[in-house]
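*Asks:* A predicted structure for the sequence below; I have some questions about it.
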Amino acid sequence: MSTAVMGTEPEAEIVKDADPRLAGAPPAKKRTKAKLVLGGLAVTFATIGAAAWLAGRGKESTDDAFVEAHVASVAARIQGQVVRVGVKDNQLVEVGDVLVEIDDRDAKVRLTTAEADLLSAKANLSAFETQLALTEKNIAAALRQAKGGVVQASALAGSSRATIEQAKADVDAAESRRALAELDLRRTEKLYGDGAVAEADLDAKRALHDQAVAAVAQARAREDSALVGLTNAAGSIETAQGRLAAANAGPEQVEAARAAVAVAKARVAQAEAAVEQAKLALSYTEVKAQVRGVVSRRSVEVGQTVDPSRPLMAITALDDVWVVANFKEDQIAEIAPGQTATIEVDAFHGRKLTGHVDSLSGGSGARFSLLPPDNASGNFTKVVQRIPVLVRFDDPPKDVTLRPGMSTYVTIRTAR
């Protein structure tokens, strides 16, 4: 009996639902309302989807974007011991501010030594220049003197030859007079033997003969003297010609003196360079800021020995900042320099700033990493790469400070 009752109730419901007239009007109204609600939801979703598609059309966005700036690493130019540190961590410094002072005593000593070497080099240069001037004057005078000596020696040789000829003539004349006196003496001796002349006449003829013999000897002596004079004149000619040859070598001596002056000038220039280098080394004892920015990563302390191989601190230039947005490789097809960009900075509650695309990187970030991936070895898993895009601010904000590393959300309006 219970089974029959349970079996008849479902059949009654089926019949009731199958015949509207039996079920009545309320169920039909519910179905119509449900269709209207579903249609409305479909239209709403379609509208929202279309709006989202239209809103995202011509735009590319990424949250993998960060603020960047120039970070200058500061290091000492010379080795030395730190005597003073003039800045603190996170301190704002201006261009030219002294950051670190290094002991300058060694640099001052080297500068004094270099200046002394420069004075010595200049003194040597002055001495060589004076020697050059004297050499030029002496060579000119020596050349004129040597030429005059050659002319004088040649004239003396000619005079000696004339004296020799005259001496030979005097010898011939003296010989003639001696021969005549000898003949007169012999006649007088014969006449004296015959008693035709007095003894006084004989003595006079003997005296004349002796005088003639002496005149011959005197004439021969003058001839010998003239011959010696000619020999001396020949030697004077050789000496004068030697002096002339030495004077003709004057240009070579002048060139040698000029070369010495050039070497002295080079040493002066070298000493001047050493002085400048010493001055630079002295100036390097003060490590100054080359850019305006905030001190970061300060690792130097007083008493520490520093050298150029180790950085002392870093200075972050906050006056020139930009954004590097890492877009996926399938997003950059329509991105080009000059396009407008909207930058939302997380640190300032999503404040929106305007900018423009400056440039795109020449490769993906992974390609320029310390260890670039080598897809030719081992198993390969394709990973979407990201291309850095540099975005510049159109008007950097003045009321807030953008610091490197801040997270941003970048949207770029592309051409399509």
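*Replies:* Right, received. Where do you want to start? Fair warning: this is a prediction, and the values are worked out from it, not measured in the lab. Numbers count the residues shown, from 1 in each chain.
*Asks:* can you pull the contacts of residue 325?
*Replies:* 62, 64-65, 341, 388-389, 391, 408, 410, 412 (Cβ atoms under 8 Å, 6 or more residues apart in numbering). No exception for glycine: its C-beta is placed from N, CA and C like everyone else's.
*Asks:* buried sites along the helix or strand harbouring it?
*Replies:* According to DSSP states H and E, residue 325 maps onto strand 311-328. For strand 311-328, burial by neighbour count (16 or more other Cβ atoms under 10 Å) applies to 311-318, 321-327.
*Asks:* packing partners of the one helix or strand residue 358 maps to?
*Replies:* Assigned by DSSP H and E, residue 358 belongs to strand 351-360. For strand 351-360, the elements it packs on are strand 340-345, strand 386-393, judged by 3 or more Cβ pairs under 8 Å, 6 or more residues apart in numbering; DSSP states H and E.
*Asks:* can I get the contacts of residue 325 in JSON lines including distance to residue 253, pLDDT and neighbour count?
*Replies:* As requested, the contacts of residue 325 are arranged in JSON lines below (distance: Cβ to Cβ, whole Å; pLDDT from 0 to 100; neighbours: other Cβ atoms under 10 Å):
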{"residue": "62", "distance to residue 253": "82", "pLDDT": "94", "neighbour count": "17"}
{"residue": "64", "distance to residue 253": "80", "pLDDT": "94", "neighbour count": "16"}
{"residue": "65", "distance to residue 253": "79", "pLDDT": "95", "neighbour count": "26"}
{"residue": "341", "distance to residue 253": "79", "pLDDT": "95", "neighbour count": "26"}
{"residue": "388", "distance to residue 253": "72", "pLDDT": "95", "neighbour count": "20"}
{"residue": "389", "distance to residue 253": "74", "pLDDT": "95", "neighbour count": "26"}
{"residue": "391", "distance to residue 253": "75", "pLDDT": "96", "neighbour count": "25"}
{"residue": "408", "distance to residue 253": "80", "pLDDT": "94", "neighbour count": "26"}
{"residue": "410", "distance to residue 253": "80", "pLDDT": "95", "neighbour count": "24"}
{"residue": "412", "distance to residue 253": "80", "pLDDT": "95", "neighbour count": "26"}
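*Asks:* list the contacts of the strand holding residue 358.
*Replies:* In this structure, residues lying in contact with strand 351-360 by Cβ under 8 Å, 6+ apart are 322-323, 332, 335-345, 387-397, 400, 412.
*Asks:* ok, what's across the strand from residue 322?
*Replies:* residue 68 (DSSP bridges).
*Asks:* same for whichever helix in the chain runs longest, what does it pack against?
*Replies:* Counting by DSSP state H, the longest helix found in the chain is helix 105-194. Contacts defined by 3+ Cβ pairs under 8 Å, 6+ apart place helix 105-194 against helix 199-248, helix 250-283.
*Asks:* least reliable of these by average pLDDT, please.
*Replies:* Note on those: helix 199-248 shows the lowest mean pLDDT, a mean of 69.
*Asks:* just the buried ones from the contacts of strand 351-360?
*Replies:* 322-323, 332, 335, 339, 341-345, 387-393, 396, 412.
*Asks:* is it true that residue 258 touches residue 133?
*Replies:* No: shown here, residue 258 and residue 133 do not form a contact pair, counting by Cβ atoms under 8 Å, at 10.8 Å.
*Asks:* which one's more surrounded, the two?
*Replies:* Neighbour comparison, residue 258 and residue 133: the larger count goes to residue 258, with 15 against 12 (by other Cβ atoms under 10 Å).
*Asks:* tell me how far the strand holding residue 325 lies from the chain's centre.
*Replies:* Chain-centre distance of strand 311-328: 30 Å, with Cα atoms, centre = their mean, to the nearest Å.
*Asks:* now do it, average pLDDT.
*Replies:* So the average pLDDT for strand 311-328 ends up being 93.
*Asks:* relative orientation of the longest helix of the chain and helix 250-283 in degrees?
*Replies:* 160 degrees (axes from the mean of the first three to the mean of the last three Cα atoms, to 10 degrees).
*Asks:* chain center to helix 105-194: distance?
*Replies:* Counting by Cα atoms, centre = their mean, helix 105-194 is centred 59 Å from the centre of its parent chain.
*Asks:* same check on stretch 297-310?
*Replies:* With Cα atoms, centre = their mean, you get 28 Å for stretch 297-310.
*Asks:* what's near enough to touch residue 283?
*Replies:* Contact analysis of residue 283 by Cβ under 8 Å, 6+ apart lists nothing.
*Asks:* check residue 346 too.
*Replies:* 406-409.
*Asks:* could you do residue 367 as well?
*Replies:* Applying Cβ under 8 Å, 6+ apart, no residues contact residue 367.
*Asks:* again with residue 88
*Replies:* 295, 298.
*Asks:* same question, residue 76
*Replies:* 100, 102, 284, 287, 306-308, 310, 312.
*Asks:* check residue 27 and give its pLDDT.
*Replies:* At residue 27, pLDDT is 63.
*Asks:* out of everything not next to it in sequence, what's closest to residue 170?
*Replies:* Nearest non-adjacent residue to residue 170, counting by Cβ to Cβ, 6 or more residues apart in numbering: residue 219, 4.1 Å away.
*Asks:* quick check: the gap between that neighbour and residue 209.
*Replies:* Counting by Cβ to Cβ, to the nearest Å, the gap from residue 219 to residue 209 is 16 Å.
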